[in-house]
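give the three-dimensional model of this entry:
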Amino acid sequence: MTKIEWVQNQDGTKGHTWNPTTGCTKNSPGCKHCYAETMAKRLQAMGVKGYEKGFELKVHNERLMQPLKRKKATTYFVNSMSDLFHENVPDSFIEQVFEVIRQTPQHTYQILTKRAERMADFCNTHLVPENAWLGVSVEDKNYGLPRIDILRNIDVPIRFLSIEPLLEGLGAIDLSGIHWVIVGGESGPKARQMKLKWVTDIKNQCSQARVPLFIKQMGSYWARNHSKKGKGNDMSEWDKELRVQGYPLIPAVLM
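Below you'll find the predicted structure:
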(Lines give C-alpha, C1' and ligand atoms only; values in the text may rest on other atoms or scores of the structure.)
Protein backbone atom coordinates (compact mmCIF):
# COMPACT_ATOMS: atom_id res chain seq x y z
CA MET A 1 0.00 0.00 0.00
CA THR A 2 1.06 3.58 -0.57
CA LYS A 3 1.48 6.41 1.93
CA ILE A 4 0.42 9.00 -0.66
CA GLU A 5 -2.64 10.57 0.96
CA TRP A 6 -4.75 11.06 -2.15
CA VAL A 7 -4.21 7.60 -3.62
CA GLN A 8 -7.29 5.95 -2.13
CA ASN A 9 -9.91 3.44 -3.13
CA GLN A 10 -13.59 4.31 -3.26
CA ASP A 11 -14.13 2.68 0.15
CA GLY A 12 -11.50 4.93 1.74
CA THR A 13 -8.77 2.29 1.98
CA LYS A 14 -5.25 2.96 0.73
CA GLY A 15 -4.33 2.33 -2.89
CA HIS A 16 -1.02 1.19 -4.31
CA THR A 17 1.85 2.40 -6.47
CA TRP A 18 2.99 0.76 -9.70
CA ASN A 19 6.40 1.68 -11.07
CA PRO A 20 6.94 0.14 -14.50
CA THR A 21 9.65 2.79 -14.93
CA THR A 22 11.97 4.37 -12.37
CA GLY A 23 14.25 7.36 -12.55
CA CYS A 24 13.82 10.73 -14.19
CA THR A 25 15.53 14.04 -15.03
CA LYS A 26 14.63 17.51 -13.79
CA ASN A 27 12.72 19.75 -16.19
CA SER A 28 11.14 22.55 -14.11
CA PRO A 29 11.38 24.33 -10.71
CA GLY A 30 9.10 21.81 -9.03
CA CYS A 31 11.79 19.16 -9.54
CA LYS A 32 14.48 20.94 -7.51
CA HIS A 33 14.05 18.89 -4.34
CA CYS A 34 12.57 15.74 -5.90
CA TYR A 35 11.53 13.25 -3.21
CA ALA A 36 11.75 10.35 -5.68
CA GLU A 37 15.38 11.15 -6.47
CA THR A 38 16.24 11.19 -2.77
CA MET A 39 14.40 7.91 -2.23
CA ALA A 40 16.07 6.26 -5.24
CA LYS A 41 19.53 7.11 -3.94
CA ARG A 42 18.58 5.68 -0.56
CA LEU A 43 17.32 2.47 -2.16
CA GLN A 44 20.49 2.26 -4.23
CA ALA A 45 22.58 2.49 -1.06
CA MET A 46 20.47 -0.29 0.46
CA GLY A 47 21.08 -2.52 -2.57
CA VAL A 48 17.39 -2.71 -3.54
CA LYS A 49 16.83 -4.42 -6.89
CA GLY A 50 15.93 -2.02 -9.67
CA TYR A 51 17.85 0.91 -8.23
CA GLU A 52 21.39 -0.22 -9.03
CA LYS A 53 21.90 3.03 -10.96
CA GLY A 54 20.02 5.23 -8.55
CA PHE A 55 17.72 7.71 -10.27
CA GLU A 56 18.85 6.95 -13.80
CA LEU A 57 15.83 6.27 -15.99
CA LYS A 58 15.05 2.58 -16.39
CA VAL A 59 12.10 0.65 -17.85
CA HIS A 60 11.12 -2.52 -15.99
CA ASN A 61 9.54 -5.07 -18.30
CA GLU A 62 9.38 -7.52 -15.39
CA ARG A 63 6.97 -5.20 -13.55
CA LEU A 64 4.46 -4.83 -16.36
CA MET A 65 2.27 -7.73 -15.28
CA GLN A 66 2.03 -6.77 -11.60
CA PRO A 67 -1.52 -5.31 -11.75
CA LEU A 68 -2.78 -8.45 -13.53
CA LYS A 69 -1.97 -10.44 -10.40
CA ARG A 70 -4.23 -8.31 -8.19
CA LYS A 71 -7.87 -9.34 -8.65
CA LYS A 72 -9.37 -7.10 -5.96
CA ALA A 73 -10.07 -3.61 -7.28
CA THR A 74 -7.59 -0.95 -6.21
CA THR A 75 -6.30 2.47 -7.21
CA TYR A 76 -2.80 2.57 -8.63
CA PHE A 77 -0.64 5.68 -8.77
CA VAL A 78 1.50 4.99 -11.82
CA ASN A 79 5.17 5.85 -11.42
CA SER A 80 5.63 7.47 -8.05
CA MET A 81 9.35 7.04 -8.80
CA SER A 82 9.40 8.28 -12.39
CA ASP A 83 7.46 9.96 -15.20
CA LEU A 84 5.79 7.61 -17.68
CA PHE A 85 5.99 10.27 -20.40
CA HIS A 86 9.68 10.99 -20.00
CA GLU A 87 11.21 11.59 -23.43
CA ASN A 88 13.40 8.47 -23.13
CA VAL A 89 10.53 6.06 -22.43
CA PRO A 90 9.70 4.40 -25.78
CA ASP A 91 6.18 4.74 -27.17
CA SER A 92 6.11 0.95 -27.43
CA PHE A 93 6.58 0.62 -23.67
CA ILE A 94 3.86 3.18 -22.90
CA GLU A 95 1.60 1.17 -25.21
CA GLN A 96 2.29 -1.92 -23.10
CA VAL A 97 1.46 -0.01 -19.92
CA PHE A 98 -1.83 1.16 -21.42
CA GLU A 99 -2.63 -2.37 -22.54
CA VAL A 100 -2.20 -3.68 -18.97
CA ILE A 101 -4.48 -0.87 -17.76
CA ARG A 102 -7.04 -1.85 -20.39
CA GLN A 103 -6.86 -5.52 -19.32
CA THR A 104 -7.57 -4.66 -15.66
CA PRO A 105 -10.79 -2.61 -15.73
CA GLN A 106 -11.38 -3.33 -12.04
CA HIS A 107 -8.48 -1.03 -11.17
CA THR A 108 -8.20 2.74 -11.40
CA TYR A 109 -4.89 4.22 -12.59
CA GLN A 110 -3.73 7.74 -11.78
CA ILE A 111 -0.99 8.92 -14.17
CA LEU A 112 0.75 12.21 -13.40
CA THR A 113 3.33 13.98 -15.55
CA LYS A 114 5.29 17.19 -15.93
CA ARG A 115 5.65 16.39 -19.63
CA ALA A 116 2.19 17.38 -20.79
CA GLU A 117 3.21 17.82 -24.43
CA ARG A 118 4.48 14.26 -24.71
CA MET A 119 1.38 12.93 -22.96
CA ALA A 120 -0.89 14.83 -25.33
CA ASP A 121 1.02 13.71 -28.41
CA PHE A 122 0.79 10.09 -27.30
CA CYS A 123 -2.86 10.18 -26.22
CA ASN A 124 -3.97 11.93 -29.40
CA THR A 125 -2.70 8.98 -31.44
CA HIS A 126 -3.58 6.15 -29.02
CA LEU A 127 -6.80 5.08 -27.33
CA VAL A 128 -6.67 5.98 -23.62
CA PRO A 129 -8.23 3.31 -21.37
CA GLU A 130 -11.36 4.54 -19.58
CA ASN A 131 -9.95 3.53 -16.19
CA ALA A 132 -6.92 5.80 -16.57
CA TRP A 133 -6.97 9.25 -14.97
CA LEU A 134 -4.50 11.73 -16.43
CA GLY A 135 -2.97 14.60 -14.51
CA VAL A 136 -0.28 17.26 -14.72
CA SER A 137 1.92 18.85 -12.08
CA VAL A 138 1.48 22.58 -11.55
CA GLU A 139 4.03 24.40 -9.40
CA ASP A 140 4.01 27.95 -10.76
CA LYS A 141 2.61 30.22 -13.46
CA ASN A 142 5.41 29.87 -16.00
CA TYR A 143 5.80 26.10 -16.15
CA GLY A 144 2.64 24.82 -14.51
CA LEU A 145 -0.31 26.76 -15.90
CA PRO A 146 0.45 25.96 -19.59
CA ARG A 147 0.29 22.25 -18.74
CA ILE A 148 -3.36 22.68 -17.72
CA ASP A 149 -4.32 23.95 -21.17
CA ILE A 150 -2.64 20.94 -22.76
CA LEU A 151 -4.32 18.47 -20.39
CA ARG A 152 -7.73 19.99 -21.00
CA ASN A 153 -7.63 18.94 -24.65
CA ILE A 154 -6.96 15.25 -23.97
CA ASP A 155 -10.05 13.04 -24.23
CA VAL A 156 -10.16 11.17 -20.92
CA PRO A 157 -12.92 10.74 -18.27
CA ILE A 158 -10.92 12.23 -15.37
CA ARG A 159 -8.35 15.04 -15.64
CA PHE A 160 -6.60 16.18 -12.47
CA LEU A 161 -4.03 18.69 -11.27
CA SER A 162 -1.34 18.05 -8.69
CA ILE A 163 -0.44 21.54 -7.50
CA GLU A 164 2.49 20.35 -5.43
CA PRO A 165 4.84 21.80 -4.51
CA LEU A 166 2.96 25.09 -4.81
CA LEU A 167 5.74 27.65 -5.19
CA GLU A 168 3.83 30.88 -5.84
CA GLY A 169 0.37 32.37 -6.13
CA LEU A 170 -1.14 31.15 -9.38
CA GLY A 171 -3.69 33.91 -9.93
CA ALA A 172 -6.74 33.03 -12.02
CA ILE A 173 -6.84 29.36 -13.07
CA ASP A 174 -9.01 28.07 -15.90
CA LEU A 175 -10.53 24.94 -14.36
CA SER A 176 -12.87 24.12 -17.23
CA GLY A 177 -12.57 20.45 -18.13
CA ILE A 178 -10.70 19.68 -14.89
CA HIS A 179 -12.28 17.14 -12.53
CA TRP A 180 -10.01 17.20 -9.48
CA VAL A 181 -7.35 19.42 -7.87
CA ILE A 182 -4.72 18.35 -5.32
CA VAL A 183 -2.68 20.98 -3.46
CA GLY A 184 0.35 20.65 -1.21
CA GLY A 185 3.47 22.33 0.04
CA GLU A 186 6.98 21.04 -0.43
CA SER A 187 8.38 18.48 2.00
CA GLY A 188 11.94 17.93 3.16
CA PRO A 189 14.63 19.91 5.00
CA LYS A 190 15.12 22.39 2.12
CA ALA A 191 11.41 22.93 1.50
CA ARG A 192 10.41 26.24 -0.04
CA GLN A 193 7.59 28.32 1.42
CA MET A 194 3.95 27.86 0.51
CA LYS A 195 1.80 30.77 1.67
CA LEU A 196 -1.65 29.85 2.94
CA LYS A 197 -3.12 32.73 0.93
CA TRP A 198 -2.11 30.88 -2.24
CA VAL A 199 -3.96 27.77 -1.04
CA THR A 200 -7.04 29.74 -0.02
CA ASP A 201 -7.16 31.36 -3.44
CA ILE A 202 -7.13 27.96 -5.14
CA LYS A 203 -9.76 26.67 -2.71
CA ASN A 204 -12.08 29.57 -3.56
CA GLN A 205 -11.64 29.03 -7.29
CA CYS A 206 -12.33 25.30 -6.98
CA SER A 207 -15.45 26.04 -4.97
CA GLN A 208 -16.69 28.51 -7.56
CA ALA A 209 -15.97 26.09 -10.41
CA ARG A 210 -17.39 23.14 -8.43
CA VAL A 211 -14.19 21.15 -8.79
CA PRO A 212 -13.38 18.78 -5.89
CA LEU A 213 -10.26 19.80 -3.96
CA PHE A 214 -7.85 17.67 -1.93
CA ILE A 215 -5.44 19.62 0.28
CA LYS A 216 -2.65 17.15 0.97
CA GLN A 217 -0.28 18.96 3.28
CA MET A 218 0.98 22.37 4.35
CA GLY A 219 4.62 21.49 3.67
CA SER A 220 7.76 21.32 5.79
CA TYR A 221 8.38 25.10 5.72
CA TRP A 222 5.02 25.70 7.39
CA ALA A 223 5.49 22.74 9.72
CA ARG A 224 8.75 24.05 11.15
CA ASN A 225 6.89 27.08 12.48
CA HIS A 226 3.40 25.77 13.20
CA SER A 227 3.37 22.02 13.74
CA LYS A 228 3.96 20.36 17.09
CA LYS A 229 4.70 17.09 15.25
CA GLY A 230 7.14 18.70 12.83
CA LYS A 231 5.11 17.72 9.77
CA GLY A 232 2.51 19.49 7.68
CA ASN A 233 0.10 16.64 6.98
CA ASP A 234 -1.93 16.63 10.22
CA MET A 235 -5.24 18.27 9.34
CA SER A 236 -6.06 18.91 13.01
CA GLU A 237 -3.31 21.56 13.01
CA TRP A 238 -4.55 23.40 9.91
CA ASP A 239 -6.94 26.32 9.69
CA LYS A 240 -10.44 24.85 9.68
CA GLU A 241 -11.28 26.30 6.27
CA LEU A 242 -8.40 24.36 4.72
CA ARG A 243 -9.38 20.93 6.06
CA VAL A 244 -10.65 19.83 2.67
CA GLN A 245 -9.95 16.45 1.11
CA GLY A 246 -12.43 15.86 -1.66
CA TYR A 247 -12.41 13.37 -4.53
CA PRO A 248 -13.68 13.60 -8.09
CA LEU A 249 -17.14 12.46 -9.01
CA ILE A 250 -16.68 9.20 -10.90
CA PRO A 251 -18.64 9.06 -14.19
CA ALA A 252 -21.32 6.37 -14.16
CA VAL A 253 -19.60 4.59 -17.06
CA LEU A 254 -16.64 3.90 -14.78
CA MET A 255 -18.63 2.61 -11.82
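
contacts for the helix or strand of the chain with the lowest mean pLDDT, please.
For the chain, scoring each helix and strand by mean pLDDT, DSSP states H and E identifies helix 220-226 as the least confident one, at a mean of 92. Counting by C-beta atoms under 8 Å, 6 or more residues apart in numbering, helix 220-226 makes contact with 185-189, 191-194, 196, 218, 229-232, 237, all of which sit outside it. (Glycine included, C-beta is placed from N, CA and C.)

and the least confident of those?
In terms of pLDDT, the least confident member of the contacts of helix 220-226 is G230, at 69.

T200 is in contact with L242, isn't it?
Yes. Distance between T200 and L242: 7.1 Å, which falls inside the contact criterion (C-beta atoms under 8 Å).

now, of the contacts of helix 220-226, which are buried?
By the neighbour-count criterion of 16 or more other C-beta atoms under 10 Å, these include these buried positions: G185, E186, S187, A191, R192, Q193, M194, L196, M218, K231, G232, E237.

residues near the spatially closest residue to the last one that is not a sequence neighbour, how many?
The reference is to E237. If you skip the residues right next to it in sequence, E237 has S227 as its closest partner in space, 5.5 Å away by C-beta to C-beta, 6 or more residues apart in numbering. Summarising burial for S227: neighbours were counted as other C-beta atoms under 10 Å, giving 16.

thought S227 was touching M235?
No. At 11.3 Å, S227 does not count as touching M235 under the criterion of C-beta under 8 Å.

in the protein, what residue sits furthest out from the centroid?
Relative to the average C-alpha location in the chain, and by C-alpha atoms, centre = their mean, no residue lies farther out than K228, which sits at 27.4 Å.

ok, it - contacts?
Under the criterion of C-beta under 8 Å, 6+ apart, the contact partners of K228 comprise E237.

pLDDT at the closest residue in space to S82 that isn't next to it in sequence, what is it?
Spatially, and ignoring its direct neighbours in sequence, S82 is nearest to T21 (4.3 Å; C-beta to C-beta, 6+ apart). Predicted confidence (pLDDT) for T21: 98.

ok, H60 next?
H60 carries a pLDDT score of 97 in this model.

how close does the closest residue to it other than its chain neighbours sit to G188?
With C-beta to C-beta, 6+ apart as the measure, P20 is the residue that lies nearest to H60, at 5.6 Å, once sequence neighbours are left out. Using C-beta to C-beta, to the nearest Å, P20 is found at 26 Å from G188.

and the helices in the stretch 51-200 of the chain?
Residue ranges of the helices in the stretch 51-200 of the chain, as given by DSSP state H, counting those that start in this stretch, are 91-103, 116-123, 144-152, 196-209.

relative to helix 116-123, how tilted is the first one?
Computed by axes from the mean of the first three to the mean of the last three C-alpha atoms, to 10 degrees, the angle separating helix 91-103 from helix 116-123 equals 70 degrees.

how many neighbours does S80 have?
Residues lying near S80 (other C-beta under 10 Å) number 20.

isn't it right up against H16?
No. Between S80 and H16 there is no contact under C-beta under 8 Å: 9.7 Å.

which residues are in contact with both of the two?
Any residue near both S80 and H16 by C-beta under 8 Å, 6+ apart counts here, and that gives T2.

any stretches of the protein with poor pLDDT?
When residues are selected by pLDDT under 70, those of the chain lie in 230, 251-255.

again, 90 this time
For the chain, residues meeting the criterion pLDDT under 90 lie at 1, 3, 10-12, 225, 227-234, 249-255.

report the central residue of it.
The structure's the chain has its C-alpha centroid closest to L112; by C-alpha atoms, centre = their mean the separation is 4.5 Å.

so who does the nearest residue to that one once chain neighbours are set aside touch?
In this structure, L112 finds its nearest non-sequential neighbour in G135, 4.5 Å apart by C-beta to C-beta, 6+ apart. Under the criterion of C-beta under 8 Å, 6+ apart, the contact partners of G135 comprise Q110, I111, L112, T113, L151, R159, F160, L161, S162, W180.
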